[in-house]
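# structure, please.
(one chain, ligands or ions: 2)
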Amino acid sequence: MAEQKATNVHWHEGDITREHRSRLLGHKGATLWFTGLSGSGKSTVAVELEGRLNELGVLSYRLDGDNVRLGINRNLGFSAEDRTENIRRIGEIAKLFADSGVIALSSFISPYAADRNQVRELHEAAGMDFIEVFVDCSLEAAESRDPKGLYKKARAGEIKNFTGIDDPYESPWKPEIHLHSDQQSLTEEVDMILGELRERGIINA
Ligand SMILES: Nc1ncnc2c1ncn2[C@@H]1O[C@H](COP(=O)(O)OS(=O)(=O)O)[C@@H](OP(=O)(O)O)[C@H]1O
Ligand SMILES: Nc1ncnc2c1ncn2[C@@H]1O[C@H](COP(=O)(O)OP(=O)(O)O)[C@@H](O)[C@H]1O
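Numbers count the residues shown, from 1 in each chain. Ligands and ions are numbered 1, 2, ... in the order given. Below you'll find the model as predicted:
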């Protein structure tokens with residue numbers, strides 16, 4: 001947990017609750033947390049899901065590693081400490097989106113189980129849905145896709161501490177959804193997620 005430096009700060013409650021917002025939108029908010037190796041398909045699945053949710057009239061918003069690191073987290077690198085802080089901040093942001101009634105689609109490598117579990121606890125303590133989606137893909141398959149040419153650079157020693165090459169990735173033990181992006185089609189993956197959202201009563205479209 002990051003140090004609380006601000007003292008004498010107090011939560012200010014409003015009149016409009018999560019339930020009010022959910023009624024307004026016609027669905028609940030939630031955080032879908034995509035985790036997996038670079039090139040496993042986190043962003044591809046999130047983009048496809050966002051399109052399907054949009055067609056169903058469900059409001060979602062993507063939070064994506066590369067995008068967020070170009071903005072709010074531009075001061076963070078890829079050391080273990082910076083990755084932890086990256087995930088802590090995004091976890092808080094995803095929770096705000098979910099609380100607002102939106103389905104947050106967070107796609108970050110998030111290689112450390114403890115960091116992901118902190119985000120889970122943050123949501124569950126507030127009675128909010130946190131759905132961990134493991135985008136499982138062999139390193140061989142991810143590396144052969146190499147959509148941004150990063151594995152090639154990591155193998156050549158041009159990028160240090162690259163996840164899966166010379167930096168760790170801790171697979172989730174019990175993700176709510178376990179995709180196998182090197183064996184399933186994109187449609188199958190998205191259908192699995194939509195099924196879970198319906199089963200939990202987050203959406204009924
Ligand atoms: N050293 C190293 N290791 C892993 N990834 C790297 C690295 N350097 C740059 N990149 C690029 O940054 C993207 C991962 O950012 P994340 O915020 O998802 O990483 S983390 O969750 O903090 O570990 C990752 O995006 P994806 O390929 O979409 O996963 C890469 O584009
Ligand atoms: N079943 C699948 N699910 C997701 N991505 C797939 C699948 N099959 C092939 N791909 C390809 O794998 C690559 C995944 O890249 P990307 O989504 O950027 O991964 P990540 O966000 O995890 O780094 C894309 O080029 C995508 O088209």
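# okay, and I131 sits in which element?
strand 130-136 (DSSP states H and E).
# residues from this structure in reach of ligand 1?
Those residues of the chain that sit near ligand 1, judged by C-beta under 6 Å from any ligand atom, are 38-39, 43, 65-66, 69, 78, 83, 86-87, 108-111, 148, 150, 159, 161-163, 167. To be clear about C-beta, it is placed using only N, CA and C from the backbone, and glycine gets the same treatment.
# which bits of this protein sit near ligand 2?
So far as C-beta under 6 Å from any ligand atom goes, the chain lies against ligand 2 at 36, 38-45, 107, 145, 147, 181, 184-186, 189.
# quick one: buried ones out of these?
Buried by 16 or more other C-beta atoms under 10 Å: 36, 38-45, 107, 145, 181, 184, 189, out of the residues of the chain next to ligand 2.
# nearest to ligand 1, of those residues?
When these are compared for distance to ligand 1 (C-beta to the nearest ligand atom), S38 wins out at 3.3 Å.
# from I203, how far out is the closest one?
Distance, S38 to I203, using C-beta to C-beta, to the nearest Å: 29 Å.
# select the longest helix from this protein.
In the chain, taking DSSP state H as the definition, the longest helix is helix 80-100.
# in it, what's buried?
Of the residues in helix 80-100, 83-88, 90-91, 93-95, 97-99 count as buried by neighbour count, 16+ other C-beta under 10 Å.
# from those, which two are the most distant?
Distance extremes for the buried residues of helix 80-100: the farthest pair is R83 and D99 at 24.4 Å, using C-beta to C-beta.
# quick one on the thing from earlier: now do the next helix or strand after the longest helix of the chain, average pLDDT.
For helix 80-100, the succeeding helix or strand toward the C-terminus, using DSSP H and E, is strand 103-107. Strand 103-107 shows a mean pLDDT of 98.
# if we can go back for a sec, save the buried residues of helix 80-100 as JSON lines, and put in distance to W173 and pLDDT too.
Shown next, in JSON lines, are those (distance: C-beta to C-beta, whole Å; pLDDT from 0 to 100):
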{"residue": "R83", "distance to W173": "19", "pLDDT": "98"}
{"residue": "T84", "distance to W173": "19", "pLDDT": "98"}
{"residue": "E85", "distance to W173": "23", "pLDDT": "97"}
{"residue": "N86", "distance to W173": "22", "pLDDT": "97"}
{"residue": "I87", "distance to W173": "17", "pLDDT": "98"}
{"residue": "R88", "distance to W173": "20", "pLDDT": "98"}
{"residue": "I90", "distance to W173": "21", "pLDDT": "97"}
{"residue": "G91", "distance to W173": "18", "pLDDT": "98"}
{"residue": "I93", "distance to W173": "25", "pLDDT": "97"}
{"residue": "A94", "distance to W173": "21", "pLDDT": "98"}
{"residue": "K95", "distance to W173": "22", "pLDDT": "98"}
{"residue": "F97", "distance to W173": "26", "pLDDT": "98"}
{"residue": "A98", "distance to W173": "23", "pLDDT": "98"}
{"residue": "D99", "distance to W173": "27", "pLDDT": "98"}
